[in-house]
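*Asks:* sequence and predicted structure are below.
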Amino acid sequence: MSHCPQGASCKSSRIATIRNLSVQFNGRTALDDINLMLEKHKVAVVSGHSGCGKSTLLKALNRLNDSDGNCHTQGDIELMLSSGPVLVNRLPQQGLPQLRQRVGMVFQHPQLLPGSIEDNLLLPLKVVKGLSEAAARAKIRRACEQASLWEEIGDRLTLSADSLSGGQQQRLCLARTLAMEPELLLLDEPTASLDPKAAARIEQCISQLAAQYSIVMVSHSEAQVEALADVHIQMQSGRIVGIS
Ligand SMILES: Nc1ncnc2c1ncn2[C@@H]1O[C@H](COP(=O)(O)OP(=O)(O)OP(=O)(O)O)[C@@H](O)[C@H]1O
């Protein structure tokens with residue numbers, strides 16, 4: 001990744017600038033000429049009908065669409081990270097693990113690794129970040145606290161992650177992502193598979209995290225848009241049709 005030569009760009013209030021972004025899968029358009037600016041430390045909520053391109057837009061920000069060999073992306077995404085500006089679509093393959101640390105993602109359904117709660121928290125820190133066991137352990141409590149999970153799991157870290165409730169599993173995924181210290185947090189319908197009480201816990205976390213992170217979140221819930229969105233991005237058929 002390129003480094004900012006102490007330029008004003010690092011101090012930009014913008015976390016992402018998307019220019020003329022189009023994405024096709026197998027030649028079919030999923031995103032069509034998206035232009036968008038996202039501000040730092042704001043929550044942008046993306047909504048729109050099923051299949052309109054919301055997840056594709058999120059995944060474009062950390063090049064996750066690339067994992068599908070039939071995906072073709074055009075246009076530019078510039079991220080203003082603490083290390084300097086990064087042109088996402090021009091990063092070589094070997095830059096992607098670092099990009100995905102800086103731009104963390106939580107998916108609709110909890111994506112747990114097989115193993116214990118602490119395995120889930122420690123493994124990415126050790127394998128992806130290359131931290132020692134002690135250094136990795138030092139990070140997990142804070143991440144769990146940020147995800148409002150520590151009180152519930154702090155004394156049972158060695159239990160299987162499968163033993164947690166759906167809402168706890170999703171907050172574990174959030175904690176695992178936060179432990180990697182991302183700058184931009186992508187949340188793809190993080191409450192979709194949860195009951196209202198568990199969803200409310202996650203919403204509470206998100207509103208607290210907003211002070212510290214730049215967040216782009218997909219939601220179908222008008223109440224969530226109302227409660228969480230600094231910016232509401234409405235999509236239709238691969239295009240942005242409203243920003244409010
Ligand atoms: N890996 C893929 N391979 C082929 N087509 C894909 C792939 N990912 C997405 N698409 C297609 O791109 C379009 C946009 O999909 P996307 O998942 O971004 O929609 P979405 O708005 O997030 O939908 P939902 O609300 O149902 O999750 C859809 O037509 C979808 O079928």
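*Replies:* That came in fine, so what should we check first?

*Asks:* average pLDDT for stretch 92-112, rounded please.
*Replies:* Averaged over stretch 92-112, pLDDT sits at 94.

*Asks:* repeat that for stretch 182-201.
*Replies:* On average, stretch 182-201 scores 92.

*Asks:* is that stretch up against the ligand anywhere?
*Replies:* No: counting by CB under 6 Å from any ligand atom, the ligand has no neighbours in stretch 182-201; the shortest distance is 6.8 Å. In this view, the C-beta of every residue, glycine as well, is placed from N, C-alpha and C.

*Asks:* now find how far off-centre that stretch is within its chain.
*Replies:* Averaging C-alpha positions (CA atoms, centre = their mean, to the nearest Å) puts stretch 182-201 11 Å from its chain's average.

*Asks:* now swap in stretch 178-197 and tell me
*Replies:* That offset, for stretch 178-197, works out to 7 Å (CA atoms, centre = their mean).

*Asks:* in that stretch, what's buried?
*Replies:* For stretch 178-197, burial by neighbour count (16 or more other CB atoms under 10 Å) applies to 178-191, 193-194.

*Asks:* and stretch 28-42, by the same measure?
*Replies:* Going by 16+ other CB under 10 Å, stretch 28-42 has these buried residues: Thr29, Ala30, Leu31, Ile34, Leu36, Leu38, Lys42.

*Asks:* for the residues you listed, which one is nearest Thr73?
*Replies:* Leu31 (8.4 Å; CB to CB).

*Asks:* please look at the closest one and Thr56 and confirm they touch.
*Replies:* Yes: using CB atoms under 8 Å as the test, Leu31 is close enough to Thr56 to be in contact (5.4 Å).

*Asks:* could you list the contact residues of this protein toward the ligand?
*Replies:* Phe25, Asn26, Ala30, Gly48, Ser50, Gly51, Cys52, Gly53, Lys54, Ser55, Thr56, Asp68.

*Asks:* tell me which helix or strand comes right after the lowest-mean-pLDDT helix or strand in the chain.
*Replies:* When the helices and strands of the chain are scored by mean pLDDT, DSSP states H and E, helix 196-209 comes last with a mean of 91. The helix or strand immediately downstream of helix 196-209 is strand 214-218, counting by DSSP states H and E.

*Asks:* relative to helix 196-209, how tilted is that next one?
*Replies:* 150 degrees (axes from the mean of the first three to the mean of the last three CA atoms, to 10 degrees).

*Asks:* now do Leu172 against Leu121, distance only.
*Replies:* According to CB to CB, to the nearest Å, Leu172 and Leu121 sit 7 Å apart.
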